[in-house]
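J.: this one's structure only:
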């Protein structure tokens, strides 16, 4: 236990839940890491698709980023309202479920679940990818480093949400601080130079245009850039994790995260155009990330550059943490509605939903292992889920306002309606632009998950219908059960079991299996030790039934006999008494047969409602 | 089941045991394979050690073989008497135990057990080694072929002793027949040529003497040659496997095996000297086994040569079978005296001692794996065990005749005494000659096994003393138990358990764990569904105990409460009623917690004699 305490922290009592709640300062790293870290790969993803357009492509970065920022603003206002309307934690699942129906809710849930798993795998592997490109000697350890980080994040999250917030605070603020400083510095230099700053480090030459700009290529760049928006819904899912006043704290956290992200996206886009930075093709010699080029151009390759690059690396690798904060809460909400196993709704020793954390870690770990720690090919899969969830949640909010009505409802409905429309169009754009590259997998996975959740719910419902009982206990007709006791010889274990049988019922049948030989001795013992004393005390002796067993099986004949007695006495409860030697040492298992355990298992397997198993343990003193 | 039937044969009833008994024809392959196959490696082992003596060495082969044959004759007469004296299967273990005491018996048993394991590993690997030297392309598959043969022999033996006899009959008789034919042919040619026959195939030149003959080198050659005698005790262990009249059948089998072996050994020694065949060094280029050289010299490399070589190969590989026939019988005898786990004395579906067969297969398989299928280095380990068992068995027979007395006892005592002396001296010779090469391992292993068997017996004895009860059942004071029933909600499962509790006792306590929240609903249900109907029926309602659980644990508080109640009621039996949902499909395990199983295990582990576990299963109809 003490090792567990050290690893995961002491167990927390249920009434310590309030103290585990977090404020805005911790909320930003926990729920914002995913969104903020996307500033590191969203613009890059868009710029990479613009390489074939040459210098012209760079110019398109500003309008593309502007569209993304506008979309972000719409989504922001929309989630602000969601937080207020659902202070109990209104993720896309809850909002869609309550306003658009169960199927829409589950659709949002399935999309988000897939998204979170991908976020973990892709986030960690992106961070490690950056690390490996900086220190190529680590190349061969890619997968081990990925899994190590996964285990680390899992352990931190199992320690509880407060500890996670404390751990991730420093890298998050370092990342935001250095990037903001670089942007400010860049803007200043651009202003001083009259719009055409000289890069502090020479930039790679801009490649020639290989294609003409087309709507299709711009749309594809936009769709890739939209990955910058994943993770934005996190705060709305986790409202309950905040300290009172929860709504205000959650909204402030959301505002700061979105504002930071907008500034970062805008700043990066502006400076990319001002400095004329073209993305380099990933995987080719001379590849450098866009942020690396930008930081070097603005500040030169000094200490600042390396600190900033290190913080980007750490934040990318840790961006998985947001998924760890949200996925278990999402699963819990679904499990509470019986669409996922109930164990996902149980809080563990540190008040977090342990099972959800472990499921996420295992699935993401498998993805990392299957792809060897390099998950580039998974990236196209994962904007679809996020935007589908956005759309359903906005559409749900429209329904919400229509239902609730009152002052300001019309305006709110308009904001959310606009959000639903914008994100809905984005889903289609992303789906079309990325379909062949992998989005089709998401399209297949979502209905599969929906069906699975439906089946889980059907099972729970059938069990509920079968076991529910709104009627009181019938206290009449409490005839004692018919007790069956397997006995192979006369000893204290059997005697103890027989005495227990006498305590609970006058109807006792001892069953002896005769494998040929030896049973005469037992019959004699039974006469001397049971029948004669019973006769002397003028009591009915337990009946002895001897079953022949030509094939030397012991358990088969006993189980058959029990089932036969059960059929012959349909109105009586049958209790099978199983004496069992309890071994205190593992090696004792070699010396004694496992008959008691196997008989218990056989009776459970082949038995029915009328058969009850009573285990009379005998503890060896030795 | 039908696959098992196909693989191992239909189960045999206990009263079919007689029909499973074997006659002399099947007895020779089953109990003789080991002894007969030693003709293929015993002389070779001796000749190999004589290589350094050059031509002079070959001449020593006749006196060495003569000594071995005389020893064999002594052992033969001795075992003939053993069979008659112990028609119930008088292996060295039984004979030594009954006449020299338990320790001597166990010593013989330990020696034989080690010997059998080694026989299996060395026999199979020798056969495969011969095969591989004939077809070098199989070299890389040595281990796989060894393990394949091991599995095959194991399966055949699991099918029962009769099937094994039928399978091994053909190769055994082919082996004996071809070797005898070759010897006759060789003798004839030697006679025709006046004592100096010309080899049909040129023999490799005889190497020059590199050393002078010394007592030590002759003794070493003798000790190696003695491996030809392993397996001779097999018949005496397996007397019970023979058809009536058992003693006559077993004696005839033994006579034929020993006579055949003597003729083979004598013939080989004579022809080796007549043709002047020197062994070639194993593992060196140009190596050929002595029998290969002999067969080629006598008959040329024609069809006969290849048939004979193939039969040698097969018999070597299958010589392990004798160990499979005897080892399980030996283990059974020891287990019946409580020195080995009792499961070794249980007859399986085909009336063989399944567990013993499997133990032998696993241990021999491990040896083969550890040594990579090449077990030459194990050979020095294994004459010690056989001769130690011989000696103890002969010495035991001396004791037997002294005890029994009667007509002819003195003569019999003399025969067995001579046997004990001769084999005893041989043990010392073998031990000294082979000590450094590996016999010391046997010297260490035997006491280790003895100690282990002693500990097993001590455990069984302690358990026996603890559980035995030569006293009758006390039928007074059969107060009903105190029933404790964990309940978390009101449903039909709980209702069924409560009704069962009412059937067996008026003292019932329902235990509810309150993890914070939700328990008010249950208290209300309890009032409505249990307390009010009880009040209406004017009966005592079961007591409801609510246990607080700040750390949200369910099982810990229940177990603690049970133990506490047990301490407070030292004179009452406590019965814990555990309702359990029985899952019919494996995937249902995901949906329901394993609380019932874990609670059962916890109560067994932490409980004591006063606590009984009652399992009330609920079967889902769905």
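T.: Yep, that arrived. Because the structure is a prediction, the values reported are computed rather than measured.
J.: give me the low-pLDDT residue ranges for the stretch 501-622 of chain A?
T.: Low-confidence segments of the stretch 501-622 of chain A (pLDDT under 70): A:517, A:584-591, A:622.
J.: give me that answer again for 80
T.: Low-confidence segments of the stretch 501-622 of chain A, defined by pLDDT under 80: A:516-518, A:551-552, A:583-594, A:620-622.
J.: go on, the stretch 51-200 of chain A?
T.: Using pLDDT under 80, the flagged stretches of the stretch 51-200 of chain A are A:88-91, A:129-136, A:139, A:160-166.
J.: ok and the residue in it nearest chain B?
T.: Scanning the stretch 51-200 of chain A for proximity to chain B using C-beta to the nearest C-beta identifies residue A:160 as nearest, at 13.6 Å. No exception for glycine: its C-beta is placed from N, CA and C like everyone else's.
J.: is it true that that residue touches residue A:10?
T.: No - between residue A:160 and residue A:10 no contact is recorded; they are 10.4 Å apart, counting by C-beta atoms under 8 Å.
J.: so if I had to pick from the two, which one is more boxed in?
T.: residue A:160 (19 against 13; other C-beta atoms under 10 Å in any protein chain shown).
J.: any idea how far residue A:257 is from the residue of the stretch 51-200 of chain A closest to chain B?
T.: With the distance defined as C-beta to C-beta, to the nearest Å, residue A:160 ends up 21 Å from residue A:257.
J.: start and end of stretch A:523-531, how far apart?
T.: Length of stretch A:523-531, first residue to last, C-alpha to C-alpha, to the nearest Å: 10 Å.
J.: buried residues in it?
T.: A:525, A:526, A:529, A:530, A:531 (16 or more other C-beta atoms under 10 Å in any protein chain shown).
J.: between those residues, which is nearest chain B?
T.: The shortest separation between chain B and any of those is 4.2 Å, and it belongs to residue A:529 (by C-beta to the nearest C-beta).
J.: hang on, that closest one is in a strand, isn't it?
T.: No - Residue A:529: not assigned to a strand; according to DSSP: H, G, I helix; E, B strand; the rest coil it is helix.
J.: contacts only, for the nearest residue to it once chain neighbours are set aside.
T.: By the measure of C-beta to C-beta, 6 or more residues apart in numbering or on different chains, the closest residue to residue A:529 outside its immediate chain neighbours is residue B:472, 4.2 Å from it. Taking C-beta atoms under 8 Å, 6 or more residues apart in numbering or on different chains as the definition of contact, the neighbours of residue B:472 are A:528, A:529, A:530, A:532, A:533.
J.: which ones are touching the second one?
T.: In this case it means residue A:529. Applying C-beta under 8 Å, 6+ apart, one finds that residue A:529 lies in contact with A:490, B:469, B:471, B:472, B:473.
J.: secondary structure class for the fourth one?
T.: Think residue B:472. In terms of secondary structure, residue B:472 is coil; the call rests on three-state DSSP.
J.: can you give me phi and psi for it?
T.: Here the main-chain torsion angles of residue B:472 (degrees, to the nearest 10) amount to phi -70, psi 170.
J.: state the pLDDT value of it.
T.: pLDDT, residue B:472: 84.
J.: could you list the domains of chain A?
T.: With domains defined by automatic domain parsing, chain A comprises A:2-196+A:213-463, A:482-619.
J.: buried deepest among those domains, which one?
T.: Scoring the domains of chain A by mean neighbour count under mean count of other C-beta atoms under 10 Å in any protein chain shown gives domain A:2-196+A:213-463 as the most buried, with a mean of 20.
J.: how far does that one sit from its chain's centre?
T.: Averaging C-alpha coordinates over domain A:2-196+A:213-463 and over its chain gives two centres that are 15 Å apart (C-alpha atoms, centre = their mean, to the nearest Å).
J.: state the distance from the residue lying farthest from the centre of chain A to residue A:529.
T.: Largest separation from the mean C-alpha position in chain A: residue A:536, at 67.9 Å (C-alpha atoms, centre = their mean). As defined by C-beta to C-beta, residue A:536 lies at a distance of 12 Å from residue A:529.
J.: and for residue A:377?
T.: To residue A:529, residue A:377 is 75 Å away according to C-beta to C-beta.
J.: packing partners for the helix or strand residue A:253 falls within?
T.: Residue A:253 belongs to helix A:246-275 when elements are defined using DSSP states H and E. For helix A:246-275, the packing partners by 3 or more C-beta pairs under 8 Å, 6 or more residues apart in numbering or on different chains; DSSP states H and E come out as helix A:24-50, helix A:55-85, helix A:161-192, helix A:234-237, helix A:290-299.
J.: so which residues on the stretch 251-400 of chain A come close to chain B?
T.: Counting by C-beta under 8 Å from any C-beta of the partner chain, the positions of the stretch 251-400 of chain A adjacent to chain B are A:341, A:342, A:343, A:346, A:347, A:349.
J.: mind picking the two most distant members of those?
T.: Using C-beta to C-beta, these reach their maximum pairwise distance at A:341 and A:349, which is 19.3 Å.
J.: ok, the residue of the stretch 51-200 of chain A closest to chain B to residue A:12 distance?
T.: Going from residue A:160 to residue A:12 by C-beta to C-beta gives 7 Å.
J.: residue A:54 now?
T.: 58 Å.
J.: re the thing from before, need the contacts of residue A:529 in JSON lines (columns: distance to residue A:92).
T.: Formatted as JSON lines, the entries for those read as follows, by distance: C-beta to C-beta, whole Å:
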{"residue": "A:490", "distance to residue A:92": "69"}
{"residue": "B:469", "distance to residue A:92": "68"}
{"residue": "B:471", "distance to residue A:92": "73"}
{"residue": "B:472", "distance to residue A:92": "73"}
{"residue": "B:473", "distance to residue A:92": "68"}
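J.: wait, residue A:118 touches residue A:377, no?
T.: No - applying C-beta under 8 Å as the test, residue A:118 and residue A:377 come out as separate, 11.1 Å apart.
J.: so what strands line up beside the helix or strand containing residue A:510?
T.: When elements are defined using DSSP H and E, residue A:510 is found to belong to strand A:507-514. Next to strand A:507-514 in the sheet, as set by DSSP bridges, lie strand A:482-486 (parallel), strand A:543-548 (parallel).
J.: list of residues touching it?
T.: For strand A:507-514, the surrounding residues in contact (C-beta under 8 Å, 6+ apart) are A:480-488, A:498, A:501-502, A:519, A:522-523, A:526, A:530, A:542-549, A:553-554, A:557-558, A:561, A:565, A:572.
J.: and residue A:450, what does it touch?
T.: Residues in contact with residue A:450, defined by C-beta under 8 Å, 6+ apart, are A:103, A:106, A:107, A:110.
J.: the third one sits in which helix or strand?
T.: Assigned by DSSP H and E, residue A:107 belongs to helix A:102-134.
J.: which residues in the stretch 401-550 of chain A form helices?
T.: Remark: helices assigned in the stretch 401-550 of chain A by DSSP state H, counting those that start in this stretch are A:409-434, A:440-467, A:492-504, A:519-526, A:532-536.
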